[in-house]
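> Okay, here's the prediction I keep looking at, along with the sequence it came from:
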Amino acid sequence: MDAVLIVDDSITTVVSIQKLIKETFPKMKILMASTGDEALKIVESSSGIVLALIDYHMEDLNGLELMKKLKKKLPKTNMVIVTGDDTPELKKNIEKSGAKILPKPLTKEGLLSVAPKS
């Protein structure tokens with residue numbers, strides 16, 4: 001079964017993204033982590049992750065640092081940085097890294113734009 005990994009240190013954001021995913025992709029398995037370290041542990045014991053939605057501003061690792069580590073373990077997974085920070089420099093760095101960027105709050109249209117095509 002395909003899975004999505006949500007990594008965000010805000011429980012409010014995680015709950016809203018989880019609800020959006022359930023509405024949009026009811027059969028998608030949802031994995032959640034509140035830190036980068038937790039996300040890396042989940043990846044070690046999980047399979048089928050096709051999409052990773054990663055907050056940029058977190059305590060232990062920023063979203064780009066985590067995305068680079070996850071990409072080594074999940075090279076075919078769509079990596080998306082989700083952030084409320086829309087500075088041009090950050091957008092440039094994210095795009096340069098090969099990840100996609102979506103603004104907070106996440107919308108159904110945004111989610112559909114980054115979801116893997118089956």
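Looks like it came in fine.

> C-alpha from now on. contacts and neighbour counts both.
Noted.

> Show me where the chain has its helices.
Using DSSP state H, the helices assigned to the chain run over residues 11-24, 36-45, 63-73, 88-97, 108-114.

> Buried deepest among those, which one?
Mean neighbour count (mean count of other C-alpha atoms under 10 Å) peaks for helix 63-73 among the helices of the chain, with a mean of 17.

> Tell me what angle it forms with helix 36-45.
10 degrees (axes from the mean of the first three to the mean of the last three C-alpha atoms, to 10 degrees).

> before we move on, back to that, want to try a markdown table for the helices of the chain, with distance to I30 and mean pLDDT as columns?
A markdown table is the format used below for the helices of the chain (distance: least, C-alpha to C-alpha, whole Å; pLDDT from 0 to 100):
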| stretch | distance to I30 | mean pLDDT |
| --- | --- | --- |
| helix 11-24 | 7 | 96 |
| helix 36-45 | 11 | 96 |
| helix 63-73 | 16 | 95 |
| helix 88-97 | 24 | 91 |
| helix 108-114 | 14 | 96 |
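
> Tell me which of the ones you listed lies nearest to I54.
helix 63-73 (5.8 Å; C-alpha to C-alpha).

> Which strands or helices does that closest one pack on?
Here helix 63-73 touches helix 36-45, strand 49-55, strand 78-83, going by 3 or more C-alpha pairs under 8 Å, 6 or more residues apart in numbering; DSSP states H and E.

> Adding distance to I101, write those out as JSON lines.
JSON lines is the format used below for the helices and strands packed on helix 63-73 (distance: least, C-alpha to C-alpha, whole Å):
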{"stretch": "helix 36-45", "distance to I101": "18"}
{"stretch": "strand 49-55", "distance to I101": "9"}
{"stretch": "strand 78-83", "distance to I101": "5"}
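
> residues contacting A115?
A115 makes contact with 51, 78, according to C-alpha atoms under 8 Å, 6 or more residues apart in numbering.

> what about the most centrally placed residue in the chain, distance to V43?
Centroid-nearest residue in the chain, with C-alpha atoms, centre = their mean: L53, separated by 1.0 Å. Using C-alpha to C-alpha, to the nearest Å, L53 is found at 13 Å from V43.

> Please work out how many residues are found near I81.
By the measure other C-alpha atoms under 10 Å, the count of residues near I81 is 25.
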